[in-house]
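**Q** have a look; sequence and predicted model below, questions after that.
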Amino acid sequence: TCCICGDFYVGETSRPIHDRFLEHRQAATTPHKHQSNGIACHYLEKHKGILPSLTLEILASGTTNTIKRKIIEASYIKKLKPELNNKDECEQVQSFLL
């Protein structure tokens with residue numbers, strides 16, 4: 001979640017959450033180097049030149065199965081409609097629900 005405006009991103013990972021969060025923070029810190037990242041795009045468009053302030057909330061955990069994680073992610077994206085997920089990503093993830 002962007003602490004500046006409250007917009008948020010929903011994602012899944014099999015990797016350590018700390019590592020993934022640091023990647024998103026890096027994208028927000030140097031958005032011009034990560035323009036395909038939703039959080040980087042957000043900082044370029046809405047908070048250019050402002051130091052990033054992000055928080056993390058774990059919505060679900062405990063599965064190592066990739067398909068199950070993608071389905072859980074897709075259901076949260078469909079339910080919560082996060083502002084920072086890009087449309088291509090949303091369509092790809094939501095396809096797991098069909």
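**A** Thanks, I have it.
**Q** ok, residue 76 to residue 86 distance?
**A** Residue 76 is 15 Å from residue 86, where distance means C-beta to C-beta, to the nearest Å. From N, CA and C alone the C-beta is placed, and that goes for glycine too.
**Q** more crowded one of the two?
**A** residue 76 (18 against 13; other C-beta atoms under 10 Å).
**Q** check the residue most central in space within the chain and give its pLDDT.
**A** For the chain, the residue nearest the mean C-alpha position is residue 9 (3.5 Å; C-alpha atoms, centre = their mean). On pLDDT, residue 9 comes in at 93.
**Q** OK, contacts around it?
**A** 1, 24, 38-39, 82-85 (C-beta atoms under 8 Å, 6 or more residues apart in numbering).
**Q** ok, now residue 66?
**A** Shown in contact with residue 66 (C-beta under 8 Å, 6+ apart): residue 14.
**Q** any chance of CSV for the contacts of residue 9, columns pLDDT, distance to residue 46 and neighbour count?
**A** Output for the contacts of residue 9, formatted as CSV (pLDDT from 0 to 100; distance: C-beta to C-beta, whole Å; neighbours: other C-beta atoms under 10 Å):
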residue, pLDDT, distance to residue 46, neighbour count
1, 96, 14, 16
24, 93, 15, 20
38, 88, 12, 21
39, 92, 11, 25
82, 92, 14, 17
83, 89, 10, 15
84, 88, 10, 20
85, 84, 15, 20
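**Q** which one of these is nearest to residue 14?
**A** residue 24 (15.8 Å; C-beta to C-beta).
**Q** which of the helices or strands spans that closest one?
**A** Following DSSP states H and E, one finds residue 24 within helix 17-29.
**Q** all good on my end, thank you.
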